[in-house]
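Colleague: got a predicted structure here, sequence first:
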Amino acid sequence: LVSLKGRRALITGAASGIGRATALRFAEAGADLELVDLNESGLEETKALAEEFGVSVNIHRVDLSRKIEIDALWKELEGIEPDILVNNAGVYWFRDFTEVDEGFYEKVMEINLHSVFWMCQHFVRARKDKGGVIINVSSIEAFLPFAKGLAHYDAAKLGVVALTRAIARDYGKKIRANVIVPGGIETEGVKRLKKEAIMKFDMEKIGISFNFNARLPMGRFGQPDEVARVMLFLASDLASYINGAVIPVDGGFLST
Ligand code: NAD
């Protein structure tokens, strides 16, 4: 039912978590892939898994915090620009608001917001006449901050929403742009965070209670593939009239 045959998708943060799960769902649906991440060995692993579905997969080691590297990536893609763009890469680095310095703030913004801006700009320039789909990834944190020490992250992730809706309005005739808002998803990143925080007995300090699960209507974290399946729907023609939407995949967290 859901086919991406003949389509080419660029996915950032594809070495891990939600990005990897999305790459695999898209490959299963027949899309050729351009996978972007900092982590080259993780990219290689995703590529090998995706190739099992018989699609073509290129990997690109790019530091998305550097515009110069983003520009170089799109130069490489000239003539074979993707028609689906998933801006998924992001970092949830905790730091108390009073301890955020300029360097830290800029890095977080560069990765979580600026890179999304520049990636979208390249994509829209290439696809504004031919058409395409953008999916940007925000977070429940942007709408209902629940973890202490993520003010910088929250600001960036709400910026992603405004940016996406502006693109949806200005280029809607040809490009559908939507936002996915993941809740707590059990990715490598989140597992690492949980482990580190528990090891440092820091869980309460960063404001996530051990009872986080109890706040969830479904009583559990989500799995990366549960987000990837929504990505697939949004990327496909099944979602042909969905534009400028902000879609939580959070098991109901925002409704509590
Ligand atoms: P993850 O840490 O498992 O994977 C993120 C990937 O982004 C990694 O492979 C990492 O190498 C890559 N990345 C980080 N900085 C980069 C850079 N400068 N250049 C290129 N690649 C870079 O994360 P995840 O949990 O899968 O999260 C994916 C997205 O979903 C993020 O934007 C995150 O903010 C968002 N999100 C996640 C959750 C969750 O619970 N997992 C909740 C809400 C939002």
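Modeller: Alright, I've got the coordinates. Predicted model only: the values in this text are computed from it and were never measured.

Colleague: number of nearby residues for residue 101?
Modeller: Neighbour count of residue 101, defined by other Cβ atoms under 10 Å: 8. Placement of C-beta: from N, CA and C, glycine included.

Colleague: would you check how far apart it and residue 159 are?
Modeller: 20 Å (Cβ to Cβ, to the nearest Å).

Colleague: in the stretch 151-256 of the chain, which segments are predicted with low confidence?
Modeller: Within the stretch 151-256 of the chain, the stretches falling below the threshold (pLDDT under 70) are 197-212.

Colleague: can you name the residue of it nearest to the ligand?
Modeller: Closest contact between the stretch 151-256 of the chain and the ligand, by Cβ to the nearest ligand atom, is at residue 189 (2.5 Å).

Colleague: quick one, strands of the stretch 51-200 of the chain?
Modeller: Under the criterion DSSP state E, counting those that start in this stretch, the stretch 51-200 of the chain carries strands at the ranges 57-61, 84-87, 132-137, 175-182.

Colleague: ok, now which ones touch the residue nearest to residue 253 when sequence neighbours are not counted?
Modeller: In space, not counting the residues next to it along the chain, residue 253 is nearest to residue 183; the distance is 4.3 Å by Cβ to Cβ, 6 or more residues apart in numbering. The contact partners of residue 183, by Cβ atoms under 8 Å, 6 or more residues apart in numbering, come to 140, 216, 221, 222, 248, 249, 250, 251, 253, 254.

Colleague: so which of these also contact the ligand?
Modeller: residue 140 (Cβ under 6 Å from any ligand atom).

Colleague: nearest to residue 195 among the contacts of residue 183?
Modeller: When the contacts of residue 183 are compared for distance to residue 195, the smallest value, 14.0 Å, is given by residue 221; criterion: Cβ to Cβ.

Colleague: burial of that closest one, as a residue count?
Modeller: Residue 221 is flanked by 18 other residues according to other Cβ under 10 Å.

Colleague: around the ligand, pick out the residues from the chain.
Modeller: Proximity of the chain to the ligand (Cβ under 6 Å from any ligand atom) is limited to residues 13, 15-19, 37-39, 42, 62-65, 88-92, 111, 137, 139-140, 182, 184-185, 187-190.

Colleague: out of the contacts of residue 183, which are inside strands?
Modeller: With strands identified by DSSP state E, the entries of the contacts of residue 183 that belong to them are 248, 249.

Colleague: just the buried subset of the contacts of residue 183, written out for ChimeraX, thanks.
Modeller: Of the contacts of residue 183, the buried ones can be selected in ChimeraX as follows, counting by 16 or more other Cβ atoms under 10 Å:
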select :140,216,221,222,248,249,250,251,253
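
Colleague: for the contacts of residue 183, give me CSV that also has distance to residue 46.
Modeller: Shown next, in CSV, are the contacts of residue 183 (distance: Cβ to Cβ, whole Å):
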residue, distance to residue 46
140, 25
216, 28
221, 21
222, 19
248, 25
249, 20
250, 24
251, 25
253, 27
254, 29
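
Colleague: now, the contacts of residue 183 that are in helices?
Modeller: Secondary structure of the contacts of residue 183 is defined by DSSP state H; positions in helices are residue 140.

Colleague: let me know the closest of the contacts of residue 183 to residue 168.
Modeller: Taking Cβ to Cβ as the measure, residue 248 is the one of those closest to residue 168, at 17.1 Å.

Colleague: surely that closest one meets residue 184?
Modeller: No - if you go by Cβ atoms under 8 Å, residue 248 and residue 184 don't touch, sitting 11.7 Å apart.

Colleague: shared neighbours, those two?
Modeller: residue 140.

Colleague: for stretch 87-106, measure first residue to last.
Modeller: Terminal residues of stretch 87-106 are spaced 18 Å apart (Cα to Cα, to the nearest Å).

Colleague: who touches it?
Modeller: 11-14, 18-19, 22, 36-37, 64, 108, 111-112, 115-116, 119-120, 134-137, 139, 141, 147-153, 157, 160, 189, 193, 206.
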